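*Asks:* Sequence and computational prediction follow.
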Amino acid sequence: MTDENKKNRLSHVDASGRARMVDVGGKKLVDRYALASGQVIVSPACAAQIAANAIKKGDVLSTAQLAGVMAAKRTWELIPMCHPLRLDHIDVECKLVDTAIQIIAQVSSYERTGVEMEALTAVSVAALTVFDMCKAVDPAMTIGPLRVETKMKNGNVTFER
């Protein structure tokens, strides 16, 4: 197999196409960091209720923030090929800007593999929590885009949007 073929090969699939978990046992522990973002677009009426903390299910932004933190810690249970990681820091910020709830998640660890899935999971579940809490007021909400903004390994940026 050429170097180019190795680079383009999916690491979670074996030669026969069967899904497998990547063996990271031989990799060194290094600092890992990822930042992901997403948003939920709501109607002006829903945004006004969120701003006034008048959604019947409770404080939308605080609940979504907590849900995001909890979700990051459970990523390995939700995504089949993710490794269980010891996360050192999780920060999820949810803020209302006009008719959008903007969500940013930052995750860091000292691990053998990256934490971008944990950051994405935090953003995703925070967005789903907003949807759940506001669906009675605005069933036409839109979630997205959800994306990785930055990924770092040992202090070096390996991806930046």
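*Replies:* Yep, it's here.
*Asks:* Which residue would you name as the spatial centre of the chain?
*Replies:* Compute the mean C-alpha point of the chain, and by C-alpha atoms, centre = their mean the closest residue is residue 120, 1.6 Å away.
*Asks:* if I look at that residue, how far off is residue 41?
*Replies:* Residue 120 is 19 Å from residue 41, where distance means C-beta to C-beta, to the nearest Å. To be clear about C-beta, it is placed using only N, CA and C from the backbone, and glycine gets the same treatment.
*Asks:* ditto for residue 130
*Replies:* Relative to residue 41, and taking C-beta to C-beta, residue 130 is found at 10 Å.
*Asks:* Show me which helix or strand of this structure is least confident by mean pLDDT.
*Replies:* helix 3-8 (a mean of 55; mean pLDDT, DSSP states H and E).
*Asks:* any idea which helix or strand comes after it?
*Replies:* Sequence-wise, the next helix or strand downstream of helix 3-8 (DSSP states H and E) is strand 30-41.
*Asks:* Mind listing the strands that next one pairs with, and their directions?
*Replies:* strand 100-111 (antiparallel), strand 142-143 (antiparallel), strand 147-153 (antiparallel) (DSSP bridges).
*Asks:* Just the buried positions in the helix or strand containing residue 47, please.
*Replies:* Assigned by DSSP H and E, residue 47 falls within helix 44-51. Neighbour counts using 16 or more other C-beta atoms under 10 Å place 46, 47, 49, 50 of helix 44-51 among the buried residues.
*Asks:* Tell me where the model's unsure across this protein.
*Replies:* Where the chain drops to pLDDT under 70, the residues are 1-10.
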